[in-house]
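**Student:** 3D, please:
(2 chains)
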Amino acid sequence: MTRNRHPLFMPLILVGGLIFGFGLAYSHMARPEVVLDFLQFDDLGLPFVMFGAAIVSGIAFAIMPRIRDSAPLTGDVYRRRLKSFDRNVLIGGGIFGVGWGLSGICPGAAYASLGIGNVAILWALVGMFAGAYLQGVWRSKRAAADSSPASAD
Amino acid sequence: MIEIALFAELAAPGQIVPAEPFPNGISRYAIGGLLVGLGAVVIYLGTGIAAGASTFLESTLSYVSDQSRFKQYRASRDWRIVFTLGIILGAAVYAVFWQGGTWTTDVQPWRLLLGGVLVGIGTRVGKGCTSGHGVCGVGSASKTSIVGVITFLTVAIVTAQIVQAVGVSP
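**Tutor:** Predicted coordinates:
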């Protein structure tokens, strides 16, 4: 996929991102206050955003594998987004939940928030990169320890 | 006092269903959500990729860090930057033509920073965020994603209620 990409690959990713980001801003999810209003039960609009989006994407995930074998720009087979379940899903989900509930910010909405001129969101973005880096260092070390034959335990 | 207030907050039945459940209407949320889904669908139709927003954090770190964890994302790191730039630009179009200017949050910097760190750790350990699990994963009827969404949604509600109960605002 990395080599010999179709010339329209990047333009399409950009257009998809534009619509995605416009939708996040239009839905006001780029405003942490609106997310916090949902989590504190003052405005129940958020599920319409998440499930509305999931229904639209769900239709594509259900239909495309039946009418085409592979995507035109990559040749990749149409698949659903399925990830393996393990306790990391619960642990990570729990940590994400505390962060989301504390700040009202998740990754996509944070990028969109920068787009609507919310410079204060840079605090959250710096935090996200720091958090992603911390887990990356920790998991890289753990992976190295697991695969090392000289490991004592 | 804090514990009593917390208990009252969680126990108050009026909180679960507010007097005005949609003070800002439903259309902005529904239309915005459909557009978010459409953005993901456009990418999926052309490429077969079910995109999430949080992998960008790790894939971009692969430019500046040689930690083994980040290497797996090198193949996708360039288009993930384009996707993220698209999100920023799309939101900027909304800000200029609909919002009529910039908007800045009043949520305190320490909440954004600390929340961001936890979001950065949690979404990566938990294999996805509100777009990867919440939109593409739930759209795929993935049991892992549905469990992930229920987990982070429940924990976020409890966290936000506690934050509100102890009087942190904004």
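**Student:** quick one: secondary structure of the residue positioned nearest the centre of chain B?
**Tutor:** In chain B, the residue lying closest to the centroid (Cα atoms, centre = their mean) is residue B:130, at 4.5 Å. Three-state assignment for residue B:130 (DSSP: H, G, I helix; E, B strand; the rest coil): coil.
**Student:** what's it in contact with, if anything?
**Tutor:** Neighbour list for residue B:130: A:50, A:100, A:106-109, B:53, B:149, B:152 [criterion: Cβ atoms under 8 Å, 6 or more residues apart in numbering or on different chains]. Yep, even glycine has a C-beta here, placed from its N, CA and C like the rest.
**Student:** swap in residue B:102?
**Tutor:** The neighbourhood of residue B:102, defined by Cβ under 8 Å, 6+ apart, consists of A:116-118, B:95.
**Student:** Repeat the analysis, applying 10 Å as the threshold.
**Tutor:** A:115-119, B:92, B:95-96 (Cβ atoms under 10 Å, 6 or more residues apart in numbering or on different chains).
**Student:** ok so, going back, how about the contacts of residue B:130 in CSV, adding neighbour count and distance to residue B:170?
**Tutor:** Listed next are these as CSV, based on neighbours: other Cβ atoms under 10 Å in any protein chain shown; distance: Cβ to Cβ, whole Å:
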residue, neighbour count, distance to residue B:170
A:50, 24, 23
A:100, 31, 16
A:106, 30, 18
A:107, 30, 21
A:108, 32, 22
A:109, 31, 17
B:53, 28, 24
B:149, 23, 26
B:152, 33, 22
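**Student:** Which one of the residues you listed is nearest to residue A:30?
**Tutor:** residue A:109 (5.3 Å; Cβ to Cβ).
**Student:** nearest residue to the closest one other than its sequence neighbours?
**Tutor:** Spatial nearest neighbour of residue A:109, chain neighbours left out: residue A:29 (4.6 Å); criterion: Cβ to Cβ, 6 or more residues apart in numbering or on different chains.
**Student:** Okay, buried residues for the longest helix seen in chain B please.
**Tutor:** Secondary structure of chain B per DSSP state H: the longest helix is helix B:143-165. For helix B:143-165, burial by neighbour count (16 or more other Cβ atoms under 10 Å in any protein chain shown) applies to B:144-149, B:151-153, B:155-157, B:159-165.
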